[in-house]
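Chemist: This is the structure alone, sequence omitted:
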């Protein structure tokens, strides 16, 4: 019961605006979960609530039995939740390699002391980090670009690099904020395969916010629909596609 | 050998400065003094670069922290001299130990001050942080200025008669340690956190990096070496007064960091030396000095905003470690 991510009656209020109101859903381990809704429905806010950027006004969020609200983002990431951002947020002045390396720091046991001594324990840890980063980069075909500045990469590579950086934190749950934004149909096809591949390869669950219905319906096992911060529907892609409230609020027509 | 490259370089720098120090009476004392000033500038600028350059937290309070170190170490040297001589003896070794005690006291005091200012003020960003650190700089100066004349801090007249113990060995030894510490910190997986904080705080914390912790660490380490630099300065000049640590002094260090290239240790070292020498050449044109420095800064901003030797020049190619 307590495995995976659970949101229970989560509400957040900014002044007079209830951005998310009484939201409950769960993301069981190993699945791909979609969160959709019109612009301004509060999808990214939900991500920010889960990752500790915002603290819910009411309700509880638990991940594998641990209550998340009140923890800052850098404490939630080590619990196994990693994310990407709607507008790509890489470290622009750093290389591809170093972008991923930044996310590896939390796995190290040696802090400032071992860094200053530069002894064998430090060297071993650096070598371990090095191998893990290169393995990750190779998996995503970014190995040959390791010395390039992150900002100099083409858009699609930047999106992938952001995913690699998130995976470097060794997450159990990966939150993807509009991964298909700005992609053409072929790239979207590739992305869908990539997301399935990540789930299987790293054995993690994935939750995504997405506008592209083809992507969402294609890969998600379970979908929740938000409108004005309220969940109006939840179910399998098929159920969602012909749900009357969803069609009215968002889709416009039944796809079948 | 390559495994311990950094440590060997540090040791070599210490040995070389020790040897040169032995022969320092062979050199013209005027040039020796310039060399010492350049060395102290390196300590100050490399440590400020950790805060302003690598971590991206724009501080204008380096002279204030330097003052804490200068006064702390000067008071130890002036007031506790007989006591320290009793412990370490009065020979060359004893005097060295007394000096290192004074320097470390100054450095640690500055680090404590750095922590006290850092924790509340690093919640601020950009201009606001600059203003708060500038304010702190002035507070330190004004407090020192208003101590009673003749008290341990000497009031507006400051302290004099500080033993001139800052030799080539101490100054360049401290510079070598400072460079070693800052580069070791930054060039490690752990230390990438400083750069991550500078580049994007939101992404950094989402990557498991405690932004506050890295900022405070940078600030405290930077403050420690500012204090050491201040202690060396006090024991080079033999006399200090509060006016010597006004915000123009902070500004001088910031100029070195910007000209050298934010986040580039090699560039900052080069700029520290160049600006110290330039300063000497401009001694006859003292009234134009600030104008020339400002012009230099403007020209650099227009032609080479990344600094003299930007950090990207020295980025390691290939794998780390």
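Modeler: Good, I have the coordinates. Predicted, not measured: the structure shown is a model, and the values here were computed from it.
Chemist: From here on, just use CA atoms for contacts and neighbour counts.
Modeler: Fine.
Chemist: Break down the stretch 51-200 of chain B into its helices, ranges please.
Modeler: B:62-79, B:81-88, B:92-121, B:126-145, B:168-186, B:192-199 (DSSP state H, counting those that start in this stretch).
Chemist: the inter-axis angle of the fourth one versus helix B:92-121?
Modeler: Which is helix B:126-145. Counting by axes from the mean of the first three to the mean of the last three CA atoms, to 10 degrees, helix B:126-145 lies at 130 degrees to helix B:92-121.
Chemist: Would you mind listing what in chain A touches chain B?
Modeler: Neighbours of chain B within chain A, by CA under 8 Å from any CA of the partner chain: A:51, A:73-78, A:82-83, A:89-94, A:98, A:101-106, A:108, A:111-112, A:115-116, A:118, A:123, A:126-127, A:129-130, A:146-147, A:165-166, A:169.
Chemist: taking these one by one, which sit in helices?
Modeler: A:73-76, A:98, A:101-102, A:112, A:115-116, A:123, A:126-127, A:129-130, A:165-166 (DSSP state H).
Chemist: In contact with the spatially closest residue to residue B:85 that is not a sequence neighbour, which residues?
Modeler: In space, and not counting its chain neighbours, residue B:85 is closest to residue B:94: 6.5 Å by CA to CA, 6 or more residues apart in numbering or on different chains. Residue B:94 makes contact with B:85, B:87, B:88, according to CA atoms under 8 Å, 6 or more residues apart in numbering or on different chains.
Chemist: Can you give me the pLDDT of the first one?
Modeler: On the pLDDT scale, residue B:85 is placed at 86.
Chemist: surely it meets residue B:98?
Modeler: Yes - Residue B:85 is within contact range of residue B:98, at 7.1 Å (criterion: CA atoms under 8 Å).
Chemist: what about these two, which has more around it?
Modeler: residue B:98 (23 against 15; other CA atoms under 10 Å in any protein chain shown).
Chemist: Roughly how far does the more buried one sit from chain A?
Modeler: Distance, residue B:98 to chain A, using CA to the nearest CA, to the nearest Å: 25 Å.
Chemist: Could you identify which of the helices of the stretch 51-200 of chain B is most buried?
Modeler: helix B:62-79 (a mean of 28; mean count of other CA atoms under 10 Å in any protein chain shown).
Chemist: all helices for chain A, in order.
Modeler: Using DSSP H, helices in chain A cover A:43-50, A:73-76, A:96-102, A:112-117, A:120-139, A:155-167, A:185-202, A:213-219, A:237-241, A:244-246.
Chemist: Relative to residue B:67, which of the ones you listed is closest?
Modeler: Residue B:67 lies closest, by CA to CA, to one member of those: helix A:112-117, at 26.4 Å.
Chemist: Let's test this: mean pLDDT of the closest one, rounded?
Modeler: Mean predicted confidence for helix A:112-117 is 90.
Chemist: So what touches it?
Modeler: Under CA under 8 Å, 6+ apart, the answer for helix A:112-117 is A:121, A:122, B:181, B:184, B:185, B:188, B:190.
Chemist: now with 10 Å?
Modeler: Contact partners of helix A:112-117, identified using CA atoms under 10 Å, 6 or more residues apart in numbering or on different chains, comprise A:118-123, A:126, B:6-7, B:180-191, B:217.
Chemist: For residue B:168, which non-adjacent residue is spatially closest?
Modeler: Using CA to CA, 6+ apart, the nearest residue to residue B:168 is residue B:21, at 5.1 Å.
Chemist: I'd assumed residue B:36 was in contact with the one you found.
Modeler: No - Residue B:21 lies out of contact with residue B:36 (CA atoms under 10 Å); the separation is 11.0 Å.
Chemist: So these two - more neighbours on which side?
Modeler: residue B:36 (22 against 17).
Chemist: that older thread, which residues do residue B:21 and residue B:36 both contact?
Modeler: Taking CA under 10 Å, 6+ apart as the contact rule, residue B:21 and residue B:36 both touch B:167, B:168, B:169, B:170, B:171, B:172.
Chemist: what separates residue A:56 from chain B, distance-wise?
Modeler: From residue A:56 over to chain B (counting by CA to the nearest CA), the distance is 18 Å.
Chemist: and that residue, what does it touch?
Modeler: Contacts of residue A:56 (CA under 10 Å, 6+ apart): A:9-13, A:20-21, A:46, A:48-50, A:68-70.
Chemist: And for residue A:79, the neighbour number?
Modeler: So residue A:79, with other CA under 10 Å, has 18 neighbours.
Chemist: State the pLDDT value of it.
Modeler: 96.
Chemist: right, and residue A:73 touches residue B:212 too?
Modeler: No - here residue A:73 does not reach residue B:212: they are 11.9 Å apart, not a contact under CA under 10 Å.
Chemist: Overlap of the contact sets of these two?
Modeler: residue B:205.
Chemist: Please identify which of these two sits among more neighbours.
Modeler: Each of residue A:73 and residue B:212 has its neighbours counted (other CA under 10 Å); residue A:73 has more, 28 against 16.
Chemist: For chain A, see how far away the residue sitting nearest the centre point of chain B is.
Modeler: In chain B, the centroid-proximal residue (CA atoms, centre = their mean) is residue B:44; its distance is 1.8 Å. Using CA to the nearest CA, residue B:44 is found at 19 Å from chain A.
Chemist: Hmm, residue B:223 and that residue touching each other?
Modeler: Yes - between residue B:44 and residue B:223 there is a contact at 9.2 Å, judged by CA under 10 Å.
Chemist: who touches both of the two?
Modeler: Counting by CA under 10 Å, 6+ apart, the residues touching both residue B:44 and residue B:223 are B:62, B:63, B:66, B:229.
Chemist: so what pLDDT did the first one get?
Modeler: Meaning residue B:62. Looking at residue B:62, the pLDDT reads 97.
Chemist: Setting aside sequence neighbours, what's the nearest residue to the residue of the stretch 151-300 of chain B found nearest chain A?
Modeler: Among the residues of the stretch 151-300 of chain B, residue B:208 lies closest to chain A, at 4.0 Å counting by CA to the nearest CA. In space, residue B:208 comes closest to residue A:74 once its chain neighbours are excluded; the distance is 4.0 Å by CA to CA, 6+ apart.
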